[in-house]
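Peer 1: Need the 3D shape of this:
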Amino acid sequence: MTANGYLQLVFYMVVLIAASVPLGAYMANVYEGRSAATRLGAPLERLIYRLCGINPDQEMHWTRYAFATLWFSLFGVLAVYALQRFQASLPLNPAGMAAVSPDSSFNTAVSFVTNTNWQGYGGESTMSYLTQMLALTVQNFVSAAAGMAVLVALIRGFARQSSQTVGNFWVDLTRGTLYILIPLSFVLALVLVSQGMPQTLSAYHTVPQVESVEFDKPKLDQAGQPLKDEKGAPERGAGAPLVGDATVEARQLPAEISGAPLPAAGSHLPRTVGTAPPSAGNPVTEKAVQKEQVIAVGPAASQVAIKQLGTNGGGFFNVNSSHPLENPTPLSNFLEVLAILLNGAALCHTFGRMVGDQRQGWALQAAMTIVFVVLLAVCAGSEQAGNPALSKLGVDQAASAVQPGGNMEGKEIRFGIVNSALWATATTAASNGSVNSMHDSYTPLGGLVPMWLMQLGEVIFGGVGSGLYGMLVFAIVAVFVAGLMIGRTPEYLGKKIESYEIKMSAIAVLVPLIMALGGTAVAVMLEAGRAGVANPGAHAFSEILYAFSSAGNNNGSAFAGLSANTPFYNTALGVAMWFSRFWLMIPVLALAGSLAAKKKVPAGLGTLPTHTPLFVFFLIGVVVIVGALTFIPALALGPVVEHLVLYGVK
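Peer 2: Next up, the predicted model:
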């Protein structure tokens, strides 16, 4: 890696940590009602409560808080599902998008409500403007705010004593949306528009191409199926007309725009179609000429801003942030990847301020940063090293003034190795899932890094709210393990950690693991799961493992070789996303209620300090060991085997 590459990574980390401190303090003031913003916005906030019939002064027991969270999310799923199914009859649909299929609608509804944003469709060829705005963008805001609300409830559990309540979900949801996510997204969206990102309700633009393109177009029968020659392909029925017998001179819409089936979906980038059973006969084609191109536009900037700040990740366009209209310039690329981790990093300082000890927030952020930097170095180094098989053929893969070097397959030349690896590491450290390069094309070790970051539980910065409450669960496990070593009841922030807290922590740790590994096992055993695989051998297993690791940890990115827009994957991944989101939230809220009811005990000589470098590395050890012991056997069947095979090529 070049000196310029190192400089870019260092600059990113410095800006991230520096910006997180004041933002974290502001968030703490918002949730405690002490911010100038909450005072200025009080009339609007009170109006929202009156319209919704909410009493903001009435706090909730943890069970009621959890009930409100679940019902709000269930309503969101139904609303997003309905908007997709009826979008053909609804306004703001200039491209005439048809209704989305039931299984894809279910998957997308669960995906956006759970803050996963796994996308089994191409946005510009599937969703109307109304669906993009009212269904998807709205959920980008409120799903992120819900995760932050649950975190704040857990923080109150640590901060309070002898209390039966953990706050009011509706107040926390409203304040997180109104005073944090909307202002940040508004500012970022304006900057992105200034960089060339569209924000419009006008129809798609048709423009003449500089040069006409001649291509072979498959002939179709009356049923819309491709015709094949006499070597055994299906024969055309008597009198069945051909579609397009003459050379086409009129406008030809690309598949991504015209509504034709996408190659295969399952994440934010285009997919390679799964291998079909071999058949005799060759496709019958005709010559066609494309003279015009349709350029998709729409209200992109408003969705892209919150997709990053809310660690949602769902792209407006099919290829997500590798699309030139979704990530136009180096500045937009930097701001978007900064936004991915910004709120997650800032919430560490929110935690420190709300519990009355800022050192605790710094300790958690230090643990996250150390793991992130180490894995970023592995990912960037692996990609910069390139492909050893190509080196043996004499291919020059060294970085120089005329080439970026390394493994550039699946990457944008304008971003290069460093910015692609940085994004891949950040988007999987957070539960974001947006991409500016193709993870499926990474080297085995380079691709292992984003996969393992998800498998760690999305606690390295993680999703807004969910990442930190996941890390706090690991902190409880860490002090429990430390207590076992010395035979003493563990404590964390003055609260005794007893059997109930450990049981809830165990559930929160184990559910994502079960969803990831259990889902992978089912998929590789069933024909419906194997049918979506396009690549043979170990990489096929890696693609399936990545998909369920992504869904099981609410990330949303994917290895692109998996055809996941099928009833099996849409259903299985949707179930994994739902359980992984809410079977973490419920134990976390149970922890909040249990801790809030406890009295604080003064620190003694045997109390483990949780703000020291010793605890930081002890916490890292617990996170890494749990992730390693759980997933190393599965990783050994996928990326580890691929790496050994790659370096064993003669």
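
Peer 1: centre of the chain versus stretch 209-225, how much separation?
Peer 2: 35 Å (CA atoms, centre = their mean, to the nearest Å).

Peer 1: same check, this time on stretch 438-449
Peer 2: On CA atoms, centre = their mean, the centre of stretch 438-449 falls 16 Å from that of its chain.

Peer 1: how far does that stretch stretch from start to finish?
Peer 2: 14 Å (CA to CA, to the nearest Å).

Peer 1: what comes into contact with that stretch?
Peer 2: 269, 322, 375-376, 378-379, 382-383, 385-387, 407, 409-411, 421, 424-425, 428, 450, 542-543, 546, 557-561, 635, 639-640, 642-643, 646 (CB atoms under 8 Å, 6 or more residues apart in numbering). In short, each C-beta sits where N, CA and C put it, glycine included.

Peer 1: at 7 Å what do you get?
Peer 2: The contact list for stretch 438-449 (CB atoms under 7 Å, 6 or more residues apart in numbering) reads 269, 375, 378-379, 382-383, 387, 407, 409-410, 421, 424-425, 450, 557, 559-561, 635, 639, 642-643, 646.

Peer 1: Then stretch 41-55?
Peer 2: 56, 170, 174, 178-179.

Peer 1: so can I have a markdown table of those residues showing neighbour count?
Peer 2: A markdown table is the format used below for these (neighbours: other CB atoms under 10 Å):
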| residue | neighbour count |
| --- | --- |
| Pro56 | 16 |
| Trp170 | 21 |
| Thr174 | 22 |
| Leu178 | 19 |
| Tyr179 | 22 |
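
Peer 1: Pick the one among the residues you listed closest to Phe582.
Peer 2: Among these, Trp170 lies closest to Phe582 (CB to CB), at 17.8 Å.

Peer 1: where in the stretch 151-300 of the chain is pLDDT low?
Peer 2: Regions of the stretch 151-300 of the chain meeting the criterion pLDDT under 70 cover residues 231-281.

Peer 1: how about the longest strand that the chain contains: buried residues?
Peer 2: In the chain, with assignment by DSSP state E, the single longest strand is strand 205-218. Neighbour-count burial for strand 205-218 flags Lys217 (criterion: 16 or more other CB atoms under 10 Å).

Peer 1: quick one: strands adjacent to it?
Peer 2: strand 285-295 (antiparallel) (DSSP bridges).

Peer 1: Which of the residues in the strand it pairs with are classified as buried?
Peer 2: Within strand 285-295, the residues that count as buried by 16+ other CB under 10 Å are 286, 288, 290, 293-294.

Peer 1: Columns distance to Asn333 on top of those residues, output as TSV?
Peer 2: Putting the buried residues of strand 285-295 into TSV (distance: CB to CB, whole Å) gives the following:
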residue	distance to Asn333
Glu286	41
Ala288	36
Gln290	30
Gln293	24
Val294	25
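
Peer 1: just checking, which of the contacts of stretch 41-55 belong to helices?
Peer 2: 170, 174 (DSSP state H).

Peer 1: Let me have the contacts of stretch 41-55 in CSV, adding distance to Gln397 as columns.
Peer 2: Listed next are these as CSV, based on distance: CB to CB, whole Å:
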residue, distance to Gln397
Pro56, 60
Trp170, 55
Thr174, 53
Leu178, 50
Tyr179, 49
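
Peer 1: just to revisit the earlier point, buried only: go through the contacts of stretch 438-449 for me.
Peer 2: Buried among the contacts of stretch 438-449 (16+ other CB under 10 Å): 269, 375, 378-379, 382-383, 387, 407, 410, 421, 424-425, 450, 557, 559-561, 635, 639, 642-643.

Peer 1: State the pLDDT value of Gln455.
Peer 2: In this model, Gln455 is scored at 95, pLDDT.

Peer 1: how close does it get to Asn117?
Peer 2: For Gln455, the distance to Asn117 (CB to CB, to the nearest Å) stands at 18 Å.

Peer 1: Also Lys411?
Peer 2: 22 Å.

Peer 1: Compare the two and say which is more crowded by neighbours.
Peer 2: Asn117 (32 against 24; other CB atoms under 10 Å).

Peer 1: who's in contact with that one?
Peer 2: 111, 307, 312-314, 433, 556.

Peer 1: next one: Gly167
Peer 2: Contacts of Gly167 by CB under 7 Å, 6+ apart are 59-60, 65, 152-153, 156.

Peer 1: 10 Å - rerun?
Peer 2: Listed by CB atoms under 10 Å, 6 or more residues apart in numbering, the contact set of Gly167 reads 31, 59-60, 62, 65, 149-150, 152-153, 155-157, 160, 592, 596.

Peer 1: cool, and Val30?
Peer 2: 36-38, 41, 148, 152, 172, 175-176, 178-180, 350.

Peer 1: what does Trp118 give?
Peer 2: Neighbours of Trp118 in contact, by CB under 10 Å, 6+ apart: 107-108, 110-112, 265-268, 313-314, 433, 547, 550-551, 554-558, 564, 569-570, 573-574, 576-577.

Peer 1: Gly122: which of the contacts of stretch 41-55 is nearest?
Peer 2: The closest of those, once distances to Gly122 are taken by CB to CB, is Leu178, at 32.3 Å.

Peer 1: Quick check: the closest one vs Met60, distance?
Peer 2: 19 Å.

Peer 1: try Val80
Peer 2: 25 Å.

Peer 1: Could you tell me how many residues sit around Gly356?
Peer 2: Gly356: 11 neighbours (other CB under 10 Å).

Peer 1: these two touch, right, it and Ala159?
Peer 2: Yes. Assessed by CB atoms under 10 Å, Gly356 is found in contact with Ala159 at 6.8 Å.

Peer 1: shared neighbours, those two?
Peer 2: 493-494.

Peer 1: tell me how far whatever helix or strand Ala346 lives in is from the chain's mean position?
Peer 2: Using DSSP states H and E, Ala346 sits within helix 330-354. Its chain's C-alpha centre lies 15 Å from the corresponding centre of helix 330-354 when counted by CA atoms, centre = their mean.

Peer 1: How about stretch 550-567?
Peer 2: Taking mean C-alpha positions (CA atoms, centre = their mean), stretch 550-567 and its chain are 10 Å apart.

Peer 1: Would you mind putting the CA coordinates of the longest strand of the chain into PDB?
Peer 2: In PDB, the C-alpha atoms belonging to strand 205-218 read as follows (Å, rounded to 0.1, in the frame of the first residue of the first chain):
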ATOM      1  CA  HIS A 205     -34.300  10.700 -18.900                       C
ATOM      2  CA  THR A 206     -33.900   9.200 -22.300                       C
ATOM      3  CA  VAL A 207     -30.700  10.400 -24.000                       C
ATOM      4  CA  PRO A 208     -29.100   9.500 -27.400                       C
ATOM      5  CA  GLN A 209     -25.900   7.400 -27.200                       C
ATOM      6  CA  VAL A 210     -22.700   8.700 -28.600                       C
ATOM      7  CA  GLU A 211     -22.500   5.500 -30.600                       C
ATOM      8  CA  SER A 212     -25.200   3.000 -31.500                       C
ATOM      9  CA  VAL A 213     -24.600  -0.500 -30.100                       C
ATOM     10  CA  GLU A 214     -25.500  -3.600 -32.100                       C
ATOM     11  CA  PHE A 215     -26.200  -6.700 -30.200                       C
ATOM     12  CA  ASP A 216     -27.800 -10.100 -30.500                       C
ATOM     13  CA  LYS A 217     -31.300 -10.100 -29.000                       C
ATOM     14  CA  PRO A 218     -33.000 -13.500 -28.100                       C
END
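
Peer 1: Numbering from 383 from now on, please.
Peer 2: Happy to do that; since the first residue is 383 now, the last one works out to strand 587-600.

Peer 1: Go ahead and measure how far that strand is from the middle of the chain.
Peer 2: Worked out by CA atoms, centre = their mean, strand 587-600 lies 34 Å from the chain centre.
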